[in-house]
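J.: show me the folded form of this:
(one chain, ligands or ions: 1)
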Amino acid sequence: MTTWLDVPTDHPFGIDTLPYGVFSTDDAPERRVGVRIGDLVLDAGAVAAVGRDAGLVGDGPDLAAVWQTPSLNAFLSLGRPAWTVAREWLNEILRDDVHRAGVEPHLIPLDRITLHLPVEVADYVDFYASEHHASNVGQIFRPDNAALPPNWKHLPIGYHGRAGTVVVSGTDVVRPSGQRKGPQDPAPVFGPSIRLDIEAELGYVVGGATELGSRVSVDAAADHLFGVVILNDWSARDIQAWEYVPLGPFLGKSFATSVSAWVTPLEALHEARVPLPGQADPPVLPYLQGDAFGLDVHVEVSLNGTVVSRPEHSGMYWSPAQMLAHLTVNGASLRDGDLFGSGTISGPSVDSRGSLLELTWNGTEPLTLPDGSTRGFLEDGDTVTMTAWAPGPGGSRIGLGEVTGTIRPALPLEA
Ligand code: CA
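T.: Okay, here's the model as predicted:
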């Protein structure tokens with residue numbers, strides 16, 4: 001059975017996608033959880049409340065209560081069994097037209113809603129899981145050393161980022177200012193970044209919080225991986241290059257990280273599961289072994305409307321399940337709303353590189369846009385949009401939506 005809604009079978013937000021977001025309307029400005037179907041948004045808490053009040057919902061989780069809140073965090077706290085119940089219930093009410101009269105009043109056209117940050121981000125970690133990206137960056141930043149650091153194939157490298165500056169798609173990004181110092185410069189200078197860049201990534205949203213002192217294995221990771229967003233890790237390469245030794249990225253990254261408004265649940269990516277490209281040499285340690293699936297997600301990066309790259313997530317060396325296992329192997333606890341990034345998704349070909357740093361080889365091979373202008377890095381007024389999709393059941397496409405942002409001029413130096 002498909003759906004009683006009038007949604008074309010090739011729509012990226014068809015019945016097999018059903019992503020979660022947080023929205024409001026002019027009439028009802030309180031933020032609440034919505035589920036997208038086609039070009040409509042289901043006011044999920046409102047329709048769950050109808051079912052609850054009519055006694056149609058059994059002893060399961062009170063979805064009306066958790067969905068009538070301004071973020072997905074309450075829902076995330078319920079964990080995998082409740083997420084499964086919720087998705088089965090949504091499938092039932094959107095597929096069986098016996099529910100049509102009860103559901104239809106709670107469907108709102110997309111053009112009447114405002115989307116908000118879907119998750120109150122708890123902790124934010126960014127990994128570095130693409131071998132091609134890590135190798136390219138190594139060659140650019142450390143040309144005299146091996147392209148990959150010696151630990152790279154033994155553990156998924158990551159750093160803790162700034163949760164409070166994760167913003168929803170559509171939020172403008174003010175060009176950051178900071179210190180930079182080129183290798184030949186006698187002293188650092190302060191000013192607006194002149195090498196502002198993007199990083200095309202997926203972000204994984206975590207729920208089912210764990211206790212301090214416990215671990216999540218690779219096999220158990222899917223119980224805590226709620227879903228996926230598209231993530232743009234804006235990066236000021238000049239600030240980053242001067243500050244990052246020895247403790248890693250800091251102010252060159254922390255000014256903004258953009259995520260898509262729709263969180264695609266892991267269940268919707270079942271058909272997208274693929275084996276990893278290979279970890280045989282060297283073999284990984286036992287705690288990183290298990291159901292380490294990859295995800296066949298196709299990403300497209302546009303700069304001012306021109307596609308500049310098509311990174312393929314299926315080529316990532318490390319699995320999100322391994323990243324989660326590694327995050328907790330020391331006993332660190334998970335919080336509802338934790339977010340971790342895959343790291344820049346880059347493939348072997350030039351047109352599959354997920355950052356301008358790589359696409360222009362640190363600005364030495366600028367891109368030419370249709371208006372004749374060239375870009376080594378981003379200019380004020382530039383808009384970067386990333387979209388993504390994955391294969392779904394029966395040849396359908398699972399849309400992951402988009403993450404977009406426009407660069408605004410830096411603050412005045414004295415501000
Ligand atoms: Ca990154």
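J.: partner residues bridging Ile37?
T.: Beta-bridge pairing for Ile37 (DSSP bridges): Leu40.
J.: burial count for it?
T.: Residues near Ile37, counting by other CB atoms under 10 Å, number 22. C-betas here are computed from N, CA, C, even on glycine.
J.: same thing with the one 5 residues further on?
T.: As a burial measure, Leu42 scores 24 neighbours (other CB under 10 Å).
J.: how close does the residue nearest to it when sequence neighbours are not counted sit to Gly394?
T.: Of all residues not flanking Leu42 in the chain, Val35 sits nearest, at 4.5 Å (CB to CB, 6 or more residues apart in numbering). Val35 sits 21 Å away from Gly394, going by CB to CB, to the nearest Å.
J.: neighbour count winner among those two?
T.: A side-by-side neighbour count of Val35 and Gly394, using other CB under 10 Å, places Val35 first with 25 against 8.
J.: the more buried one and Leu148: what is the separation?
T.: From Val35 across to Leu148, the span is 41 Å (CB to CB).
J.: can you check Val47 too?
T.: From Val47 over to Leu148 the distance is 50 Å, taken as CB to CB.
J.: and these two? Which one has more around it.
T.: Set side by side, Val47 and Leu148 show more neighbours around Val47, with 25 against 15, by other CB under 10 Å.
J.: centre of the chain versus the helix or strand in which the more buried one is found, how much separation?
T.: Per DSSP states H and E: Val47 is located in helix 44-53. Relative to its chain's centre, helix 44-53 lies at 29 Å (CA atoms, centre = their mean, to the nearest Å).
J.: same check, this time on stretch 295-311
T.: Centroid separation for stretch 295-311 versus its chain: 14 Å, with CA atoms, centre = their mean.
J.: any buried residues in that stretch, and which?
T.: 295-304, 308-311 (16 or more other CB atoms under 10 Å).
J.: look at Val22 and say how many residues are nearby.
T.: By other CB under 10 Å, 24 other residues sit near Val22.
J.: tell me the angle of the helix or strand encompassing it relative to helix 44-53?
T.: In the assignment (DSSP H and E), Val22 maps to strand 20-25. Angle of strand 20-25 versus helix 44-53, following axes from the mean of the first three to the mean of the last three CA atoms, to 10 degrees, is 100 degrees.
J.: contact residues of the protein facing the ion?
T.: Within reach of the ion by CB under 5 Å from the ion, the chain has these residues: 126, 199, 233.
J.: got phi/psi on Trp83?
T.: Backbone torsions of Trp83, given as degrees, to the nearest 10, read phi -60, psi -40.
J.: wait, Pro109
T.: Torsion angles, degrees, to the nearest 10, at Pro109: phi -60, psi 140.
J.: buried sites along the helix or strand that the helix holding Val47 is followed by?
T.: Going down the chain from helix 44-53, the next helix or strand is helix 63-67, by DSSP H and E. Going by neighbour count (16+ other CB under 10 Å), the buried part of helix 63-67 is 63-64, 66-67.
J.: now those residues in a markdown table, with distance to Ala82 and pLDDT?
T.: Below are the buried residues of helix 63-67 laid out as a markdown table (distance: CB to CB, whole Å; pLDDT from 0 to 100):
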| residue | distance to Ala82 | pLDDT |
| --- | --- | --- |
| Leu63 | 8 | 95 |
| Ala64 | 13 | 95 |
| Val66 | 8 | 97 |
| Trp67 | 11 | 98 |
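J.: for Thr9, which three-state class applies?
T.: State at Thr9, reduced to three classes by DSSP: H, G, I helix; E, B strand; the rest coil: coil.
J.: in the stretch 51-200 of the chain, where is pLDDT below threshold?
T.: Along the stretch 51-200 of the chain, segments meeting pLDDT under 70 span 56-58.
J.: show me where it has strands.
T.: Secondary structure of the stretch 51-200 of the chain (DSSP state E, counting those that start in this stretch): strands at 107-109, 113-116, 124-127, 158-160, 166-168, 173-174, 177-180, 189-192, 196-197, 200-206.
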